[in-house]
Structures are given as C-alpha cells and as structure tokens.
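*Asks:* When you get a sec, could you give me coordinates for this:
(4 chains, ligands or ions: 4)
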Amino acid sequence: MSSESVSQNHTAHFDAYGIKLGMWLFLFTEVLLFGGLFIVYATYRFLNPEAFHEGSSQLNLVVGAINTVFLLTSSLTVALSITALQKGDSKKAIDLIMITIVFAVAFMFNKYYEWTIKFEHGMFPGMDHYKELPPGEAQFFNLYFLMTGLHAVHVIVGAILLLIVAWFIKKGSVNQQRIVYLENAGLYWHLVDVIWIYLFPLFYLII
Amino acid sequence: MLEKNEVHIVDYKFNILVWIDLLIFTMITIEIAQFDFQALTVMVALVIATLKTYLVGTYFMHLKFENRFLQTIVVGVGLLFIAVLMVLFTDFLYY
Amino acid sequence: MTAIPHQKLYVDFFHEKRGLASWLVTHDHKRIALLYFYAISGFFVVAFCLGLLMRLELIAPGETIMSAQVYNEVFTLHGVIMIFLFIIPAVPAIFGNFVLPMLIGAPDVAFPRLNLVSWYLYVIGGLLALSTLLYGDRPADTGWTFYAPYSVKTGTNVTVAVLAAFILGFSSILTGLNFIVTIHQMRAPGMTWMKMPLFPWALYATSWIQVLATPVVGITLLMIVAERTLGIGLFDPSIGGDPVLYQHLFWIYSHPAVYIMALPAMGIVSETIPVFVKKSIFGYKVIVYSSLAIAFIGYFVWGHHMYTSGMSGPARIIFSILTFLVAIPSAIKVFNWISTLYKGSIDIKPPLLYALAFIFLFTIGGLTGLVVGALATDIHVHDTYFVVGHFHYVMFGGTGFAFIGAIHFWYPKIWGRMYNLKWANIGFTVLFIGFNLVYFPMLVLGMMGMPRRYYDYLPEFTIPNLVSTVGSWVMAIGLIIVIVNLINGRKGPKASTNPWKSVTLDWTHTQSPPSLYNFEETPVVTRGPYDYRDYEEYIKNES
Amino acid sequence: MSGASNFAEGVDLAFYVIIGISVFFLVGITAVMIYFVFKYNKKRHPKADTSITGSVKLEIIWTVIPTILVLVMFYFGWAGFAPMRDVPEDAIPVKAIARMWSWTFEYENGKKSDKLIVPKDRPVKINLVSVDVIHNLYIPAFRVKEDVVPGRNNYMWFTANQYGSFDLMCAEYCGLRHSYMLTTVEVVNNEEWAEWMLTPEGESDLDRVAAGFNVIKTNGCVACHSSDGTKLVANSFKGIWGLDRKVVVDGKEQTIKIDAAYIRQSVYDPNSQVVLGYNSGIMPSYIGMISDTEVEQLIEYIKSLGGDAQ
Ligand code: HEA
Ligand code: HEA
Ligand code: CUA
Ligand SMILES: [Cu+2]
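*Replies:* Ligands and ions are numbered 1, 2, ... in the order given. Okay, here's the model as predicted:
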C-alpha cells in the first residue's frame, strides 16, 4: 500500500489520514480472508469435536507457545519503533525494525522446524501417512496446514514491508512528519500478530 | 477533512506494559487449557484472545487515538463477521 | 480540499499526453476508466456471442451445433465472463472511475497508482480466464458457481479459471477501497454527506460490499485450488468435509455480489432521472438510506440459493424472511423514482428511456426474485429456467440497461460529441423488444419445470425455447444498432459542455472532454445535488 | 402444469398469491410511469414543479405496505413448504441412489429399479444418496426437489395423488450428461405395486445375458457406456471382450487384456486402471452396490456383445 494520495502529485498536500484509512480497509479484507477459513474451522470443529481434540494433541504446544511469544514481542518492537520515529529518533526506529525482523525470522525458523518434523512422519498433504488419517482429523490437519501456511506467508510479506520501510527511513523519505508508511507497515504486522493470537489457542490448545 | 494532525505518542514504557499484559494473558490461556471445562474452555480461550486483540488494537495499533469513524468500522467489521457466523450456524446447529 | 495548480490553457485529457505508452502508465482516473471500458467491452462481446451460441443450441431438442461437453464449457465461460469480467466491474470501474471524482469535485481518486494496478489485475485475470481455452484439458465445465465436489472431480481446467476469479476479486477489492477513501477524503468543500449526489452514494455502499465480501470468495476459491492441487480435501465428504459448506462460503460473497451489480446501476438511474425531469429526486435521503440498507441486509440472505441443499429447517426459514426484507429497500427506490416524474418537465432522451426501461425490467426481475425468495415456490423453480429468467432480468434488464443508458448519458462528457438520437431510440426499441422475447419464455419454461444447465430437453419444452432463440436474434440486431450508432457518434457533431442541462458538478464545472485534473479550481458546493430551481441561470453563471 | 401430489395445492397457492401481488404492482407501476411520462411531457408541461422534494408520509406508506405484503408472501411460502419437512411415520422408505448420470431406486426389500415406482395415495419417503457429486431429484408434477449431496442424509417425501407417469429429472448440474439424467415416476395402484415389489429380480425368464443387461441398466452404466458402439462418456461395451487395452496403472502405461478379472476390477476399483486417454475419477466404484453374481451376469452380457473374433 505505498500509493500516495493524489493531491500529492501536484500540490504539497499529503493526506496521511486517507492513506491510513486505506490501510485499515485493506486489513479488513485480510481479516475476512482468514475469516473464511475460520468459518470452515468452526464448522468442522463443530461437526468433529473429538477428532479435532485428537489432532490438536499431536501438535507441539511448546513450539506454538514460543512462537506466540516471538510474535507478541515483535509486535512490541514495531510499536516501539513507531514511538521512536514519532520522537524523531530514526536510528532507533530502524534498529527496532531490525529486531522485529529477527523475531520474524525466528518465528519462521520455528515453523520450519515444526513442519519438518511433520514431514518426516509422513504427515504432510499428499504423503502416505496423511492420507490414512481418520475423517475429522484429516480436516484438522488440512486446516492446520492451510491456515498456519497462509499465516506464514503473511509473516513473510509483513517482514518485507517492514524492511522496505526501514530503507525509506534510512533514506529519509519516511520521517517524523511522514510517518504514516511506518504506521501502515506496523498495522499490517500487528494484524499478523492478531491472527496468530487466535490461531494459537484454536490449534494448539483444544481440550 | 476528517483528520486532525495532532500526534499522540504512546510512550516506550507504556508499550512495554502492554506487552507484559499480553504475555500474562498468553500464560493464562495455556494454564486454563489444561483444565477440561468442555465447551467452556474454548469460550475462555476465545475471550482471552479477544482481550489480547483489544490490547493490540487499542495501544499498538493506536486505535484509541483514532477518530470515531475508524473505531466504529473496526468494531463493526468484527460484529459483522460474528453475525455471519451466527447466521451460518442456524444451518449446522439444527441440522 | 486542495488548490489545483492553475492551468493556462484548456487541454482535454485525450490530448494531455499522446501515444499508447502514455495510456498504459497513466494515473488519470478518466483514462483508466476508458482502459476499463475497452477491456470490458472486449470481454462482453465474447460472452454475448457465447450467449447467442447457447440459444442456437437450444433452438430444438437434440444436438444442433455443439456437443454436450462444449455446451457445458460455453455456459460456464458465459457465466464467468458475464459475472466476473462484465457486470461486477462494468459500472464501478468504468463510470465510477470516470465520473465519481467529478461528481464530488475531486481532481482524481485517492490512490491513482493503485487504480492502475487494479486495471492490470483485471486484465491479467481476464486473460487468464480466457486462456483456459488454449491449453490444459479443456476450459472449465462447472458453471460459474464452481460447486464442489464436481469442481474438484472434473478433469477440465478449473484451477486456472478459479485463480482468474481470485485475481479479479482483488482488482475489485482495490477499486472499492480506493473509492471509499476518495469519498471520505476528497469531496469538494461544502459537499456534506447529504449534499453528495446519489451515484457516489451508491458507489460508496457498493465499495463496502466489495471490500467486505470479496475476500470470502477469494479464500473459498483458493480452497478449491488447494483441494485440486495439494489434495487438501476440505469439501470431501469421505474425510469429514461438507460440500454444502462450500455453497455457504460461495454465496456469502456471491449474494452480496449481486448488489455490487445492482446498486451502482440504481445510482445511475437516480442520477439520470432528475436531469431529464428537471426537478429534484423524490426522497433523496430515503434513497441514500435504502442503498445502505440493501448493502447491509444483503449480507445475510445468501442461504436463499440453497433452499434445496438440505439446510436445516430453521435456516431455510430465517433466510427466507431476510430475503423478503432485503426486497423492501429496492421497492422504496422504485416508488421514489416514479414519484420523481410527478409534475416534472419530462424530456424523453435516450438516457431517460434506458432509465425507465431499467425500472420496468428491474421490477420484473425483482418481483420474480420474490417468487424464488419464498420457500414453497423456490422448491419448484430452483435451478430451473425460472431462475435463469430472474437473473437475466435483473442483471441484463437492470444493470445492463443502466450501463447502456450510462454510456448514452455521459457520452458527450467523455468524447465531447453527440451520437444520433434517432438511431439511439430505434436501437433501444429493438433491444427492448428482443430482450423480453428472449427472457420471458424462460420464466415460463421454469414454471413448466425445465432445469437449467440442460444441453438437451424434453419435447414439451420446445416452443418457448424456440421463441427465446428467435428473440435472441432480435436482441442481437438491437444491440448491433446501438453499438454502431455509438461508434459513429465519435464522428458526430460537437456537443456543448452541458447538453442535458444538468446541475451536478461533472457537467457544470468541467469541460467536455474534461481536462487532466477535471476542475480549473476546486468548486465550492452550496446547493443540493439535484436543485433545479432556476437551473438555467445557475448553469450560465457557473460555466 | 397441474400438480399430482399432496404438496401441489400449497405450492400453487403460494405461486398465485405472490404472482398476483407482483402483477398488480408491475401493472400499477408501469401504468403510473407511462401516465406521468405523457402528462408531464416537456411539451405539455414546460416548467417542472421544483418545490416537490419528498414526502415523509408517502415514504412511510410505501415502506409499511410492502413490508406487510412481503410478510404475507413469506407466510404462504412457508406454509406450502412446512409439510415437506414433516414425514409421516408410515411413509414407505425408498433409497434413491444418484450417480453420474443415472438413478437407481432401492426398496425396502432390496428390490431395485431404474424407474421410481410408487403406489397412489400412500406417503413415500425418499432417502437421497449420492455416490459421487451433487445431484438433485426433481419431480415437477409433484413440486418436490431436493439436492442429493454426497455425505449428507438428505430426504424428501410426498404422496402421489394421480395415476400416471411423471418426469423425474436431475436439477443440479453434475457434468457432461446432466441433462440426460432423467427417468420417470410411475404411480400405480396399491395392489399392482405390492405385486411388483414381490416379483424377485432376475429370476423371471431372463437368461444370464438378459440379467446382465438388467444390471447395467439399473445401475446406470448405460449413462456412460453404450451397447451399440457409440461412444458416450466412455468406450462402448460393444466388441471389447478380449481386446488389448492400454491402461494407466499408478501413473504408468500398461497393456491389459480385457477379461473377466479386468472387468471386475473396472467395476469395483475403476481408478486403479484407467483407460488411456481418460481422466481418473469419472467412473464411480460400485463396491457394495453390485454383487459378485451381478458382475458375473454383466460379464456374460459384455461377452455377448462380441469381441475376440473381430
Ligand atoms: C443484479 C443482480 C441481482 C439482483 C439485484 C437480485 C435481486 C434479488 N434476488 Fe436474485 N439472483 C441473481 C441476481 C440478482 N438478484 C443471480 C445471478 C441469481 C442466480 C445465481 C445462480 O444460481 O447462478 C439469483 C438467484 C436468486 C435466488 C435463488 C434462486 C434459486 O437458485 O433457487 C433468489 C432466492 O431468493 C433470489 C432472490 C432475489 C431477491 C429477493 C432480490 C431482491 O433484491 C429484488 C428486489 C426488487 C424488487 C422486489 C422489485 C421492485 C419492487 C417493487 C416494484 C415494489 C413491489 C414490491 C413489493 C410488494 C415487495 N435471487
Ligand atoms: C450480465 C450478465 C449476463 C448477460 C448480459 C447475459 C446475456 C445472455 N445470456 Fe446469460 N447467463 C449469465 C449472465 C448473463 N447472460 C449467467 C451468470 C448465467 C449462468 C451461468 C451458469 O449457469 O453457470 C447465464 C446463463 C445463461 C443461459 C442458461 C444456460 C443453461 O442454464 O443451460 C442462457 C440460455 O439461454 C443464457 C443466454 C443468454 C443470452 C441469449 C444473452 C444475451 O444477452 C446475449 C445476446 C447477444 C447479443 C445481443 C449479441 C450482440 C452482439 C454481437 C453479435 C456482437 C456484435 C459485435 C460488434 C459489432 C461490436 N445465459
Ligand atoms: Cu445429476 Cu445433474
Ligand atoms: Cu441471492
């Protein structure tokens, strides 16, 4: 969403609020994109409660919890980075973004570890063991791979957005006065966090 | 024409406080999930998740300092989604 | 809200820059609108011809011109193009883009670059959809609804078609997002919400649907792709999936989508009628609220497409009640339009003819919508030609006619020239008669019990099918007259800046064709949008 | 079209009410519109009355009246529909098995047929089973229609109240031969029906070949395989016995001779060996639907269509 308000093309005006509103609208579409999957989740969980419990117990709670902490912390660093830039400290802002990226990478690494283990057990869509899953449980893992997979894609996109913004801060085109791009990238990142806040209990914590 | 250009800064310290709250909530969910309250567990987990979302939204995402309209639509979209889910379940609940 | 730099000389947007390249990278909303116009027209002609071919196949029982497999592919492609490539983008992307900024006194939309991106997404999606003809097994043969599990089982090129629809969805979302921000942020000084013309209002309501409903179908279609390619069998009953859930997800978007098609068209009608009646629209505020109500309630009625899917009893009843409630705001609009005519000074020009035809045909379509909205009757006519009749009446008779009307209305604005009015009227008449000949027999067929998506049919359905096919030729002639007349109009006489004597900003404050940023200086709005008191004087003073 | 079941009355009443109100509004709106266009034409009425901008009273009237009418329509729609979900206890159960692209009806005593045979004036409950994709059982004359969804136990019921033969169609798009997925309902009197039910299958004067033909007819093989050499969806059965057939097994091409074992496997597990040039997954498996003896009969039948010699 790095488009600028039109007026900027030919006058000095820069509509920060408009750009932010645009970002929020975009976040709504993201919410509803995942919303579709949450609807499927809710339905199949309702139809196969035991199977979902069974599936959930096969996920690694510790990995999930660590990842939750990683994402929450990265959200914090993004929020801090915005505070820093609001105060005009662009160097600190960039540093904080970099810390965020580190957490993002750590998150992805953890995810990779988690999926590899599943992979080794033949528990990946299309693999043998996967095909033999009992009905409801197969749905649990279908949703697990689809939802956390889509979420991981969003983590990557969010990290890239943040990197781009960091670069712009360095160049000076995003600064104390024109902070909205950092805010927007931050909004996106927080949304990724919020989605995980729901994914975590729904997949790792079902009794 | 809606914007007022006053900037509201959430202080470093406050951000960290929010973060600590978030971590505490995470711990609580994990703890609670160990007990089996049946359907209640899911409800509790979702309520806590929603509280966490509230914190992230209000402070990290600065919703608290945005204008009325933005706050309304954010809540509105949430409610819309819940309403759709409820209407959908008129099918599965009574099937 | 901003001052426009002073332009020394009036240069219209066609001549601002020249060459194909300058069009392909343009940020000007008017040029983007025209890019959409040409792209959409191209796809439209393809789908139209497919419609004619289908009718020809159905002229008599048995094989006429194509095999069953081809027929199934043809109606799928016809439906996909008409819905995703024609009727959903047509009015917002062409006329929304062209006149929305002008109607609210803005130099452009809020995110011009994003606007161009949406156009490219549209073109990529469209070409992808057509490309299924060229490679892979065969084009998709699922119907535009892509119902699982058939869409998962069939060997045809569903994956690509579905991805195309996904991309088109994103194009639509970005347009909607752009319009919402534009309307919020860029209205001219003095244009309060209740002084905004009705077409922007309709687009505003539509945009919210685009933003809030489209992602749901996006993810649903991705699930079909995942199921076909990765073996993630989400809708496969043998592993605990439920094909009916697919239908829920699909219609959660696709019902609101029918209002994406209808609302902007209603906006055009609200915009046209006052101009040719020379008085304010009747019940301005009520029309505004009814648009919002349609958008909102329309979100909760999707289940009426699934009365026979085996949904639970309570669900069927709730969806039926809600369906009836969503009809009321439409009814209110119709009554307000009719009342606007009262004590007007009615000047029957082609745009008004199309607007009045809209009211008539949309009413038929809407009233047949009530027949399918009721439980008992829908059980009988669901998935029959009655439904086909219903939706062609609302989509083609409604939105399609409004679209053609809009071309006639803004033609002098866009190109600065005037088409031949007499031929426009003749074309209209033939089109209108042809239209009813094609689709009224379909309603009859449906009542008799002929299911839709039938390649072949029992002998008792022969006569209405024959009438319908003959009608399609009449309609084709009408459409060709209309199109040829419009093309000839490009060489027609120069039009004055405000030939219809309208009082909205697009006509009073811009040139025809408009210049790059539309307005020489930002207009200041003091009057209501349809204030026709002493309009002659007002128009003279302003221009 | 006149109705022939217990639901026809309620459904038709809903049609009359809704269409009646609709026609009234359509005619009214059109008449007023045309009248205004003439009366207030520019020539006759050069100056518009710009003082009219709305009327709260009228808005309320035309919100309230349609709301009431719409609720009336809903009521009749619901009233005609409600009994369709209330199956009487004594309804005769019939299982309707839908597949691409044919119907099989299975009765309580195991008897099967490709036409639906029901007695007049007795409630019949149809349990809808699909073996592949979604179909829809539609009997226009009875005003009933319900999807046949794989994995869901959908049902419908009705009481036929007229003798005769009525069309039964598939009303949910299900692929290539969707429009040929037709058969009829035969409404007969109670005694005839009872007698028909008791005639055991295949045992009459049919020899094995004829029995084989009966198997492919009742199980809907004929929707895809002809017996006269024309290619429908798949190869015709004519003349295939003993041919060498190129098939794909586990993604690899192989040549198999068409013999009894091959046909048996084609019926029970068609996707394990897919004839070259076809997609797998089109032909459903008939495990549990066609017994071993029936397969024997059907093999006899295919043999009888020639092969080998040519
Ligand atoms: C532009 C698109 C458009 C619009 C505006 C509508 C409008 C409506 N539609 Fe339609 N519909 C479609 C496009 C549209 N539809 C499509 C494409 C399908 C088929 C999809 C598929 O399966 O492929 C479909 C299918 C469809 C079905 C499913 C049928 C089936 O498959 O069995 C139903 C059922 O309730 C329905 C109902 C309605 C209703 C109640 C309205 C209402 O909004 C209509 C409101 C309008 C009026 C009521 C007329 C004006 C009012 C008056 C003149 C006053 C008098 C009125 C009263 C007394 C109330 N539609
Ligand atoms: C906006 C939407 C729209 C429009 C305008 C149309 C237009 C037409 N449709 Fe459309 N139709 C759909 C949307 C639309 N359709 C959808 C969504 C479906 C459901 C698909 C599904 O089931 O999945 C459908 C299904 C459908 C069926 C049912 C198929 C079936 O169930 O088996 C039929 C059958 O007759 C049909 C016919 C027609 C005809 C004859 C036209 C006519 O309007 C076409 C008339 C053609 C002309 C008037 C041609 C004139 C122009 C030219 C010849 C070009 C000249 C060129 C130049 C010189 C520039 N359509
Ligand atoms: Cu079976 Cu259509
Ligand atoms: Cu609908």
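
*Asks:* hang on, isn't C:G62 packed against C:D456?
*Replies:* Yes: between C:G62 and C:D456 there is a contact at 6.3 Å, judged by C-beta atoms under 8 Å. Glycine gets a C-beta too; all of them are placed from N, C-alpha and C.

*Asks:* which residues touch residue 131?
*Replies:* Just going to use chain A. Applying C-beta atoms under 8 Å, 6 or more residues apart in numbering or on different chains, we find A:K131 in contact with C:G231.

*Asks:* Sorry, I should have been clearer: chain D.
*Replies:* Residues counted as contacts of D:V131 (C-beta under 8 Å, 6+ apart) are D:97-99, D:150, D:284-285, D:289.

*Asks:* how close does it get to ligand 3?
*Replies:* According to C-beta to the nearest ligand atom, to the nearest Å, D:V131 and ligand 3 sit 11 Å apart.

*Asks:* burial count for C:F37?
*Replies:* C:F37 has 18 neighbouring residues, counting by other C-beta atoms under 10 Å in any protein chain shown.

*Asks:* which element is it on?
*Replies:* Using DSSP states H and E, C:F37 sits within helix C:29-57.

*Asks:* circling back to that earlier point, in CSV, list the contacts of D:V131 along with secondary structure, distance to A:M98 and pLDDT.
*Replies:* Shown next, in CSV, are the contacts of D:V131 (DSSP: H, G, I helix; E, B strand; the rest coil; distance: C-beta to C-beta, whole Å; pLDDT from 0 to 100):
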residue, secondary structure, distance to A:M98, pLDDT
D:I97, strand, 64, 91
D:A98, strand, 61, 91
D:R99, strand, 60, 86
D:P150, coil, 53, 91
D:P284, coil, 58, 81
D:S285, coil, 58, 83
D:M289, coil, 64, 80
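
*Asks:* what residues are up against the residue lying closest to C:F14 once chain neighbours are set aside?
*Replies:* Leaving aside its chain neighbours, C:F14 sits nearest to C:P513 (6.0 Å; criterion: C-beta to C-beta, 6 or more residues apart in numbering or on different chains). In this structure, C:P513 makes contact with C:12-14, C:30, C:413-416, judged by C-beta under 8 Å, 6+ apart.

*Asks:* How is chain D divided into domains?
*Replies:* D:8-85, D:92-198, D:218-304 (automatic domain parsing).

*Asks:* So C:V430 sits against C:V474, correct?
*Replies:* Yes: at 6.4 Å, C:V430 counts as touching C:V474 under the criterion of C-beta under 8 Å.

*Asks:* where does the nearest residue to C:M450 once chain neighbours are set aside land in three-state SS?
*Replies:* Nearest residue to C:M450, sequence neighbours excluded (C-beta to C-beta, 6+ apart): C:F461, at 4.6 Å. Put simply, C:F461 is helix when judged by DSSP: H, G, I helix; E, B strand; the rest coil.

*Asks:* What separation do you get for C:F461 and D:H135?
*Replies:* For C:F461, the distance to D:H135 equals 20 Å [C-beta to C-beta, to the nearest Å].

*Asks:* Could you list the low-confidence segments of chain A?
*Replies:* A:1-13, A:207 (pLDDT under 70).

*Asks:* Nearest to chain B: which residue in it?
*Replies:* Closest to chain B within chain A is A:Y17: 3.5 Å, counting by C-beta to the nearest C-beta.

*Asks:* count of residues packed around that residue?
*Replies:* Neighbour count for A:Y17, taken as other C-beta under 10 Å: 20.

*Asks:* what about it, is that helix, strand or coil?
*Replies:* Strictly by three-state DSSP, A:Y17 counts as helix.

*Asks:* hang on, isn't it packed against C:Q185?
*Replies:* Yes: in this structure, A:Y17 is within contact of C:Q185 by C-beta under 8 Å, at 7.0 Å.

*Asks:* How about residue 64, nearest residue that isn't a chain neighbour?
*Replies:* In the absence of a named chain, chain A is used. A:Y204 (3.8 Å).

*Asks:* um, chain C though
*Replies:* Closest to C:T64 by C-beta to C-beta, 6+ apart is C:E57, at 5.0 Å.

*Asks:* in which helix or strand would I find D:K246?
*Replies:* strand D:244-249.

*Asks:* ah, wrong one, I meant A:I160
*Replies:* Using DSSP H and E, A:I160 sits in helix A:135-171.

*Asks:* So which bits of that helix are buried?
*Replies:* Under the neighbour-count criterion of 16 or more other C-beta atoms under 10 Å in any protein chain shown, helix A:135-171 has A:135-152, A:154-155, A:158-159, A:161-163, A:165-166, A:168-169 buried.

*Asks:* Over to stretch D:88-98?
*Replies:* D:91-92, D:94-98.

*Asks:* re earlier: most tightly packed of the domains of chain D?
*Replies:* A comparison of these by mean neighbour count, using mean count of other C-beta atoms under 10 Å in any protein chain shown, puts domain D:92-198 on top with a mean of 20.

*Asks:* Give me the distance between the two termini of that domain.
*Replies:* 15 Å (C-alpha to C-alpha, to the nearest Å).

*Asks:* follow-up on the earlier one: tell me the contacts of the residue nearest to C:T64?
*Replies:* C:63-66, C:71, C:74, C:455.

*Asks:* same thing but 7 Å
*Replies:* If you count contacts by C-beta atoms under 7 Å, 6 or more residues apart in numbering or on different chains, C:E57 has them with C:64-66, C:71.

*Asks:* Can you flag the buried ones in those residues?
*Replies:* Buried among the contacts of C:E57 (16+ other C-beta under 10 Å): C:66, C:71.

*Asks:* from the contacts of C:E57, which is closest to chain A?
*Replies:* C:Y71 (31.8 Å).

*Asks:* hey, least reliable of the domains of chain D by pLDDT?
*Replies:* With a mean of 83, domain D:218-304 has the lowest mean pLDDT of those.

*Asks:* and C:Y457, what element?
*Replies:* Going by DSSP H and E, C:Y457 is not in any helix or strand.

*Asks:* Against chain B, how distant is it?
*Replies:* 33 Å (C-beta to the nearest C-beta, to the nearest Å).

*Asks:* Assess the claim that that residue and C:P61 are in contact.
*Replies:* Yes: here C:Y457 lies in contact with C:P61, judged by C-beta atoms under 7 Å, at a distance of 5.6 Å.

*Asks:* Take the contacts of C:E57 and lay them out in CSV including distance to C:A406.
*Replies:* Output for the contacts of C:E57, formatted as CSV (distance: C-beta to C-beta, whole Å):
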residue, distance to C:A406
C:T64, 36
C:I65, 34
C:M66, 34
C:Y71, 33
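
*Asks:* Among the contacts of C:E57, which ones are in helices?
*Replies:* With DSSP state H as the criterion, helices contain C:Y71 from among those.
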